[in-house]
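[1] Please work out how this folds:
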Amino acid sequence: MAKRHKQPEYSAAERALIAELDLGDRTMIPIRSLVDCSLVRLFWEDWRRSDARDPMWIATPGDHDENELHRVDGWPEYGDGTVERKWSRRARLWMSWFSIDAWHVCDWLVNAVSDGEQWLWNLDDAGHPRKLTKCGNLQRLVHEATKGLRQRNAEVARQIVLGPNDERFMHDLGVGHTLVRLCSRAALRKEGTLMHHCIGQGSYDDFLDDPDVVLASVRDPDGDPLATLEVRGGYIRQFRARANAEPSEAVKDLVAGAADTFGWQDWRDRPGYRADNQDYGPEAVVILRDLPPPRRRG
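    Below is the predicted model of the structure:
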């Protein structure tokens, strides 16, 4: 880590990625050093390899649908602020491609710190957990996160018993599926535990008292969660399946009707969304992307 910190641009890269993770201080502060030696390290190394090929342009990774070139040098002809602009741009692109994996890793780190996992004290010579520093790519880090969360979440979920005021029916999605509003910290905790994502780790608790925020769960006929929604001010910010994966086409089709009924819109359509962010997809909007234009705006 020390060598990376000697790089004049490393701090700008770190700040940019932390900002794009957008976890809030309550979640980020306890795991900041772990994020730095895992996600930030891999983010930095990815871009060093990219710069060795072309420091000005990068193509959309091959496992994504788009086939575009993106400029990533910070537009030095625009004057001051090139470094900050460059790494802000790179962080937005990287998160548009890898946000699901990045948030999954953060969920794991939050739980590991909360539970005092033993591996946190197995350190390398630089003082960083070996479990993180041995991961040479994002896929390996995600594998460790998935393995670490699986057993813990199953046990915790069994211990959470909800009462009648913890959840509220919102909408009949058809074929036995329902949309349920999460109304309490216990409901968030159980949802996050079963779905292997961070909604139950405290960073969303304050939204429970905000009338402009809807936190909801898609349930199958047996009442088991299939996907989780976050809607802010009528704009869908996140829509994620288990382990922050993209919901199936069947689940997206079910929820599209609810989005139409409630008039929910795409996060990118919100006031103040900047045009220069247009190729940074919203954190998780996947329903509205597939709807015809007249329905997207409700």
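
[2] State the distance from the residue nearest to the spatial centre of the chain to Gly192.
    In the chain, the C-alpha closest to the average C-alpha coordinate belongs to Trp103, at a distance of 4.0 Å (Cα atoms, centre = their mean). When distances are taken as Cβ to Cβ, to the nearest Å, Trp103 and Gly192 turn out to be 12 Å apart. (C-beta placed from N, C-alpha, C; glycine too.)

[3] List the buried residues in the helix ranked longest in the chain.
    For the chain, the helix that runs over the most residues, judged by DSSP state H, is helix 82-115. Residues of helix 82-115 classed as buried under the neighbour-count rule (16 or more other Cβ atoms under 10 Å) are 83, 85-112.

[4] Output the contacting helices and strands for it.
    helix 10-21, helix 25-35, helix 41-53, strand 69-71, helix 138-159 (3 or more Cβ pairs under 8 Å, 6 or more residues apart in numbering; DSSP states H and E).

[5] ok, and for the second one, which residues are buried?
    Neighbour-count burial for helix 25-35, counted by 16+ other Cβ under 10 Å, picks out 27-28, 31, 33-35.

[6] Turn these into CSV, including distance to Gln7 and pLDDT.
    Conversion of the buried residues of helix 25-35 to CSV gives the following (distance: Cβ to Cβ, whole Å; pLDDT from 0 to 100):
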residue, distance to Gln7, pLDDT
Thr27, 27, 90
Met28, 22, 93
Ile31, 23, 96
Ser33, 18, 96
Leu34, 20, 97
Val35, 18, 97
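
[7] Most widely separated two among those?
    Across the buried residues of helix 25-35, the longest distance by Cβ to Cβ is 13.9 Å; it joins Thr27 and Ser33.

[8] What pLDDT is listed against Gly174?
    Predicted confidence (pLDDT) at Gly174: the value is 92.

[9] three-state assignment of Thr178?
    Secondary structure of Thr178, reduced to three states by DSSP: H, G, I helix; E, B strand; the rest coil: strand.

[10] Is the nearest residue to it once chain neighbours are set aside bridged to anything, and to what?
    Using Cβ to Cβ, 6 or more residues apart in numbering and skipping the chain neighbours, the partner closest in space to Thr178 is Arg219 (5.0 Å). According to DSSP bridges, the partner residues bridging Arg219 are Thr178, Pro225.

[11] my read: Arg219 touches His177, true?
    Yes. Taking Cβ atoms under 8 Å as the contact criterion, Arg219 and His177 are neighbours in contact, 6.4 Å apart.

[12] and for these two, which residues touch both?
    Taking Cβ atoms under 8 Å, 6 or more residues apart in numbering as the contact rule, the neighbours common to Arg219 and His177 are Leu226.

[13] Just the helices from the stretch 151-298 of the chain, written as ranges.
    Applying DSSP state H, counting those that start in this stretch to the stretch 151-298 of the chain gives helices spanning 185-195, 249-262, 293-296.

[14] which one of those lies closest to Leu215?
    Sorting the helices of the stretch 151-298 of the chain by Cβ to Cβ, the top spot, which is the nearest, belongs to helix 185-195 at 6.8 Å.

[15] what comes up buried for the closest one?
    Within helix 185-195, the residues that qualify as buried are 186-195, counting by 16+ other Cβ under 10 Å.

[16] Redo the residues you listed as a markdown table? Include pLDDT.
    Compiled in a markdown table, these are given as follows (pLDDT from 0 to 100):
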| residue | pLDDT |
| --- | --- |
| Ala186 | 90 |
| Ala187 | 91 |
| Leu188 | 89 |
| Arg189 | 86 |
| Lys190 | 87 |
| Glu191 | 89 |
| Gly192 | 85 |
| Thr193 | 80 |
| Leu194 | 83 |
| Met195 | 84 |
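
[17] I'd like those residues as a markdown table, with distance to Glu14 appended.
    As requested, the buried residues of helix 185-195 are exported to a markdown table (distance: Cβ to Cβ, whole Å):
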| residue | distance to Glu14 |
| --- | --- |
| Ala186 | 35 |
| Ala187 | 34 |
| Leu188 | 29 |
| Arg189 | 30 |
| Lys190 | 34 |
| Glu191 | 31 |
| Gly192 | 26 |
| Thr193 | 30 |
| Leu194 | 33 |
| Met195 | 29 |
